[in-house]
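Peer 1: Sequence first, then the predicted structure:
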Amino acid sequence: MGKILFASSEVHPLMKTGGLADVSASLPVALREQDEDVRIIMPAYRACLVVLSEKVVVATVKLQGYDLPIEIIQSTLPGSDVELLLVHSPHHFDRDGGPYSQPSGDEWPDNAARFALFSRAIAAVAMNEAGLNWQPDILHCNDWQTGLAPALIATLPDRPSTVFTIHNLAYQGLYPRAVFDALDLPELLWQMDGLEFYGQLSFMKGGLFFADQITTVSPSYAAEICTAEFGYGLEGLLAYRAKQDRLSGILNGIDPQEWNPKTDVHIVQPYSAQKVADKAVNKSALQQLFSLPQEADTLLLGFISRLVSQKGIDLTIAAVQTLLNEGAKVQLVCLGSGEAEYERALQVLRARFPGKVGVTIGYNEKLAHQIEAGVDAFLMPSRFEPCGLNQLYSLRYGTLPIVRNTGGLADSVVDAEHEETGTGFKFEAATAAALLATLKRAQAVFQQPAVWQQMQLTAMKADYSWQQRAKDYQQLYQKL
């Protein structure tokens, strides 16, 4: 049994803005099931303190650079026996809003200070300096919010081995030099072989430069970030770490209990690979929910996403609009929120095609499950996608993904041209024309029910659980 400290700024169901939260819950649970002594450390957001009924202060720690001591609160991740450590600094985390943004949607102006404190707390626990009488063998950090922790302990004796996982390199935690000075960080860290990145402080670079091993959430993304197109200026460092055999990709898994069409409490009609025909009941219910004609022979497309350029929402709108203008038997349901221009564009599309398009702005977990179960095909035309989870949910639900051939989408979906193993539809160029051509290809296959059902069965029978992924991480830990 190894001792693992798993550090993340968000963990489902306590705090979630995206896939990081899902991974930060599911992977530790899977590791615990493999008999690893894993403990999660995260900030004690107000929402966490409200939700968790059983919690106890187990330590008080004074951290460098901060006047007031912080508390370490011990609890348990809901629905599991994984120990949870909460970094309780009311000034930094006990506030309304999200983990990174105010209720207005603007970023918290003190995010650098908040997550520098979090990283210092992680480092204190990792070095057994928090009074817990427990030191991990492995410190596993995730994304820029934890990036300073590997840097802070890099030169210390008897430190744990460190792993840093990139969930999305686009978010790096960049701040001016003055912020570095204000955070009272060691001056030695301000250099090219450190936290300095073109004259700015980079939290992300702390993890990339100082961690013993870097991972990403899919093999293809690990290769992509070593190129100028996807590296955001860090491709040289990442390519160097790859040559050192210090960069690898492990595809994410999903929670097979939460995402299981056979037992899903959120959907109208449970179904399985043995009763895939029952999926049609969910399609009809979803069409009714969005006030769309209940037509079994119409290809129903789904889209659940943050509405940002990365996710290719503009490609979806343009391609679907062309299809509908051509009179294609296609419907689209969307769930998401994000940039105002994309929210408006979706609402305009719905207004133009009220019997063809349904839109819900925001996020609703129950509706997300209903969309996965109800639509025929799921759209993920991302410009880049480190891993993606919705395509994995879709495969599990016999909902065929339509994806761009990038990152984790490339690694998890097999194109329909491979007749024996096809599970979805892939395209190369990040253009509306390429997506449109692929939608037409999917529509043609949809008109062949036997072929479509065979693809559904192939998709549903694959193993997308965290159990195998956890073994991959265990092998990585053991190597370190």
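Peer 2: Alright, I've got the coordinates.

Peer 1: Strands along the stretch 51-200 of the chain, start to end?
Peer 2: Along the stretch 51-200 of the chain, counting by DSSP state E, counting those that start in this stretch, strands occupy 56-61, 70-76, 83-88, 138-142, 161-166, 174-176, 196-197, 200-202.

Peer 1: buried ones in stretch 124-132?
Peer 2: Residues of stretch 124-132 classed as buried by neighbour count (16 or more other Cβ atoms under 10 Å): 124-127, 130, 132. Where you see a C-beta, it was placed from the backbone N, CA and C, and this is true even at glycine.

Peer 1: outside of that stretch, which residues touch it?
Peer 2: Contacts to stretch 124-132, defined as Cβ atoms under 8 Å, 6 or more residues apart in numbering, come from residues 5, 41, 58-61, 63, 72, 85, 121, 134-136, 139, 149, 153, 156, 158-160.

Peer 1: mind saving the C-alpha coords of it as PDB?
Peer 2: As requested, C-alpha coordinates have been extracted for stretch 124-132 and formatted as PDB (Å, rounded to 0.1, in the frame of the first residue of the first chain):
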ATOM      1  CA  ALA A 124       3.300  21.400   4.400                       C
ATOM      2  CA  VAL A 125       1.200  18.300   4.400                       C
ATOM      3  CA  ALA A 126       3.500  16.600   1.800                       C
ATOM      4  CA  MET A 127       6.500  17.200   4.000                       C
ATOM      5  CA  ASN A 128       4.700  16.100   7.200                       C
ATOM      6  CA  GLU A 129       4.900  19.600   8.600                       C
ATOM      7  CA  ALA A 130       1.200  20.000   9.300                       C
ATOM      8  CA  GLY A 131       1.000  17.900  12.400                       C
ATOM      9  CA  LEU A 132      -0.900  15.000  10.800                       C
END
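
Peer 1: hmm, back to that, which among the contacts of stretch 124-132 count as buried?
Peer 2: Restricting these to buried positions leaves 5, 41, 58-59, 61, 63, 72, 85, 121, 135-136, 139, 149, 153, 159-160, with burial counted as 16+ other Cβ under 10 Å.

Peer 1: Going along the chain, name the strands of the stretch 351-480 of the chain.
Peer 2: Along the stretch 351-480 of the chain, counting by DSSP E, counting those that start in this stretch, strands occupy 357-361, 377-380, 400-404, 425-427.

Peer 1: pLDDT averaged over the third one - what is it?
Peer 2: Spelled out, that is strand 400-404. Model confidence over strand 400-404 averages 98 on the pLDDT scale.

Peer 1: Check which strands are paired with that strand and give the direction for each one.
Peer 2: Each strand that pairs with strand 400-404, with its direction, by DSSP bridges: strand 377-380 (parallel), strand 425-427 (parallel).

Peer 1: Please spell out which residues along it are buried.
Peer 2: So, applying 16+ other Cβ under 10 Å, buried residues of strand 400-404: 400-404.

Peer 1: which residues sit against that strand?
Peer 2: Residues from elsewhere that reach strand 400-404, judged by Cβ under 8 Å, 6+ apart: 301, 312, 376-383, 385, 388, 390-391, 394-395, 409-410, 413, 416, 423-428, 430, 435, 438-439, 442, 452, 455-456, 459.

Peer 1: mind saving the C-alpha coords of it as CSV?
Peer 2: Taking Å, rounded to 0.1, in the frame of the first residue of the first chain, the C-alpha atoms of strand 400-404 are listed here in CSV:
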residue,chain,number,x,y,z
LEU,A,400,-22.4,7.8,-31.0
PRO,A,401,-19.9,10.6,-30.6
ILE,A,402,-19.2,13.0,-33.5
VAL,A,403,-15.7,14.4,-32.7
ARG,A,404,-12.7,16.2,-34.1
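
Peer 1: Return the member of the buried ones among the contacts of stretch 124-132 nearest to Gly236.
Peer 2: Sorting the buried ones among the contacts of stretch 124-132 by distance to Gly236 puts Ala149 at the head of the list, at 23.2 Å, by Cβ to Cβ.
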